[in-house]
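Trainee: What shape does this take:
(one chain, ligands or ions: 2)
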Amino acid sequence: MNLDDATARCLACNSPLWAAEIQAGRLACFRCEGRASEQLHAIRGTFKRLDTVDGHTKVRGGGTSGPTGSKEPPIPARLAVLNATGPGGVVAQLQSGIEDSWRKTLGWSMAATRSHRDIDGVTTFLINNLPWACEKYPEIADDLEAISSIHGTLTGMETGERGPRKFTAYCSTDDCHGEMRITLWTARATCPTCRTDYDKAGLGTLVTEYDKAAA
Ligand SMILES: [Zn+2]
Ligand SMILES: [Zn+2]
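Mentor: Ligands and ions are numbered 1, 2, ... in the order given. A predicted model of the protein is given here:
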């Protein structure tokens, strides 16, 4: 089996597996497992933020305007959030698309259909069983891709709607025309041209595209 072992690759990212990973008989590498675990944690957190703030409070209010009325996301974006956090959304995708198959392969009984808000339940199951899946589940590559895709979609919804707006700040070093894309919450940034580091206070002193527009 040594020949096979020498060319063993992670089913998900196609990197050559390390000796320890081959010895453990893994199908996916530790790095892919770690990334998927982080993504599942992030999915849980993002889902909850979208579910409470955007998906329900604002939309359910029928668009009544308050002091924050003008910050409401556009309707298609709000619908996308409702779809993701509602019935048939992310929880259903994770359960019917991944959890059910893992349970079948493990020979475990199926879980009852989860509430569309049971993001804790489904992500906990997946996180707890991810090490097994990365070691032994033949379809792991598809599932890691699905997790990554859901993670990307939710993150995009959050940054697209509620995330801070990015703008350009101009490096203040003499004769440097470097530009940095920052937000009001950026803690630090490095000029791509002269490599000057700016902390939050330093960034606050820079000329921005808003200043130029106002000039
Ligand atoms: Zn990998
Ligand atoms: Zn610079």
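Trainee: continuing past the biggest helix by length in the chain, what's the next helix or strand?
Mentor: Ranked by number of residues, the top helix in the chain under DSSP state H is helix 140-161. For helix 140-161, the following helix or strand on the C-terminal side (DSSP states H and E) is strand 167-170.
Trainee: After that next one, which helix or strand is next?
Mentor: Next helix or strand after strand 167-170 toward the C-terminus (DSSP H and E): strand 179-182.
Trainee: Pull the residues that contact that next one.
Mentor: 166-171, 189-192, 198, 203 (CB atoms under 8 Å, 6 or more residues apart in numbering). Glycine gets a C-beta too; all of them are placed from N, C-alpha and C.
Trainee: Need the mean per-residue confidence for the longest helix of the chain.
Mentor: The average pLDDT for helix 140-161 rounds to 85.
Trainee: can you pull the contacts of the closest residue to F47 other than its chain neighbours?
Mentor: Of all residues not flanking F47 in the chain, I119 sits nearest, at 4.5 Å (CB to CB, 6 or more residues apart in numbering). By CB under 8 Å, 6+ apart, the contact set of I119 is 43-44, 47-48, 51, 90-91.
Trainee: just checking, which of those residues belong to helices?
Mentor: Short answer: those in helices (DSSP H) are 43-44, 47-48, 90-91.
Trainee: Which ChimeraX command selects the buried ones in these?
Mentor: Selecting the buried subset of the ones in helices among the contacts of I119 in ChimeraX, with 16 or more other CB atoms under 10 Å as the burial test, is done by:
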select :43,44,47,90,91
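Trainee: Give the next helix or strand downstream of the helix or strand of the chain with the lowest mean pLDDT.
Mentor: Least confident element among the helices and strands of the chain, by mean pLDDT, DSSP states H and E: helix 59-60 (a mean of 39). Remark: after helix 59-60, the chain's next helix or strand is helix 75-85, criterion DSSP H and E.
Trainee: and that next one, how far out from the chain's middle?
Mentor: Helix 75-85 has its C-alpha centroid displaced from the chain centroid by 17 Å (CA atoms, centre = their mean, to the nearest Å).
Trainee: Quick one: mean pLDDT over that helix.
Mentor: pLDDT averaged over helix 75-85 gives 80.
Trainee: Numbering from 51 from now on, please.
Mentor: I'll keep to 51 as the first residue from here, and by that count the last item is helix 125-135.
Trainee: Show me what that helix is packed up against.
Mentor: Where contact means 3 or more CB pairs under 8 Å, 6 or more residues apart in numbering; DSSP states H and E, helix 125-135 is packed against helix 109-110, helix 190-211.
Trainee: give me that answer again for 6 Å
Mentor: Contact partners of helix 125-135 among helices and strands, from 3 or more CB pairs under 6 Å, 6 or more residues apart in numbering; DSSP states H and E: none.
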